[in-house]
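Colleague: please work out how this folds:
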Amino acid sequence: MAGTQPLNVLVVEPDVQTRGQLAHFLHEEGYRATSLEEPRRIAHEVKNGRYQMVILDLGRPGEGGLDLLQDIRSVDDDLCVICMTDEPSVETAVATMKHRAFDYLEKPVVASALRPVLQAAVKEHGLAVDPEERLNLAIGERIRARRHELSLTLKQVANRTGLSVSLISQIELGKSAASVMTLYKVAAALGVRVAVFFEAV
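Modeller: Next comes the predicted model:
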């Protein structure tokens with residue numbers, strides 16, 4: 001996770017020892033972990049916190065764990081949730097998938113099992129994007145949108161700017177950071193101010 005801001009992970013686990021172990025593991029892996037001791041406060045915590053991921057203990061069947069998952073979805077329909085349980089069952093697994101849980105793990109959860117799940121979740125949810133990459137992607141999207149508005153091809157923009165088609169394509173895809181001078185050339189070719197590319201970024 002080098003080069004990125006630590007992701008905020010909410011750990012919802014009633015057992016003190018397990019909660020501490022999970023928090024320690026997450027810190028070691030480069031995440032910022034927050035533990036929630038009172039599961040019934042989960043909706044409030046998710047609504048008011050800035051979490052990218054939740055690790056949720058469902059408890060045993062009938063203990064209300066699925067209700068907690070529903071509470072999360074009531075305030076955040078897209079939050080990445082990884083569920084754990086002492087007593088896995090097909091019924092519970094199906095129910096968690098209906099509420100779009102990312103994964104369903106059997107406790108005790110060992111590091112070798114949790115680590116790849118976290119990595120897959122980060123990748124699938126697009127969470128590991130550092131500020132510079134996010135800026136490049138946003139600028140690229142706006143350049144591409146403006147070019148499409150004008151019905152211009154990459155070649156036409158290249159001719160207007162004196163830049164290569166390859167460079168413009170890389171900028172639009174967010175794979176290359178454009179210099180200020182390059183952005184001025186592209187902005188002039190597209191008939192907009194450079195500031196347009198940075199609005200609300």
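Colleague: confidence score at the residue nearest to the spatial centre of the chain?
Modeller: In the chain, the C-alpha nearest the mean C-alpha coordinate belongs to L127, at 2.6 Å (CA atoms, centre = their mean). Note for L127: predicted pLDDT of 77.
Colleague: identify the residues contacting it.
Modeller: L7, Q52, M53, C80, A121 (CB atoms under 8 Å, 6 or more residues apart in numbering). Bear in mind the C-beta positions are built from the backbone N, C-alpha and C, glycine included.
Colleague: in which helix or strand would I find it?
Modeller: L127 is part of no helix or strand when elements are defined by DSSP states H and E.
Colleague: ok, now L105?
Modeller: Assigned by DSSP H and E, L105 falls in strand 103-106.
Colleague: what's the following helix or strand after that strand?
Modeller: Next along from strand 103-106, by DSSP H and E: helix 111-124.
Colleague: what is that next one packed up against?
Modeller: When contacts are defined as 3 or more CB pairs under 8 Å, 6 or more residues apart in numbering; DSSP states H and E, helix 111-124 packs onto strand 80-85, strand 103-106.
Colleague: could you rerun that using 6 Å?
Modeller: Of the remaining helices and strands, none touches helix 111-124 by 3 or more CB pairs under 6 Å, 6 or more residues apart in numbering; DSSP states H and E.
Colleague: pull up the gap between the nearest residue in space to P108 that is not next to it in sequence and N136, please.
Modeller: Closest residue to P108 apart from its sequence neighbours, by CB to CB, 6 or more residues apart in numbering: T18 at 7.4 Å. From T18 across to N136, the span is 40 Å (CB to CB, to the nearest Å).
Colleague: neighbour count winner among the two?
Modeller: N136 (20 against 16; other CB atoms under 10 Å).
Colleague: that one against G174, yeah?
Modeller: Yes: between N136 and G174 there is a contact under CB atoms under 6 Å: 4.2 Å.
Colleague: how does the protein divide into domains?
Modeller: 8-124, 131-198 (automatic domain parsing).
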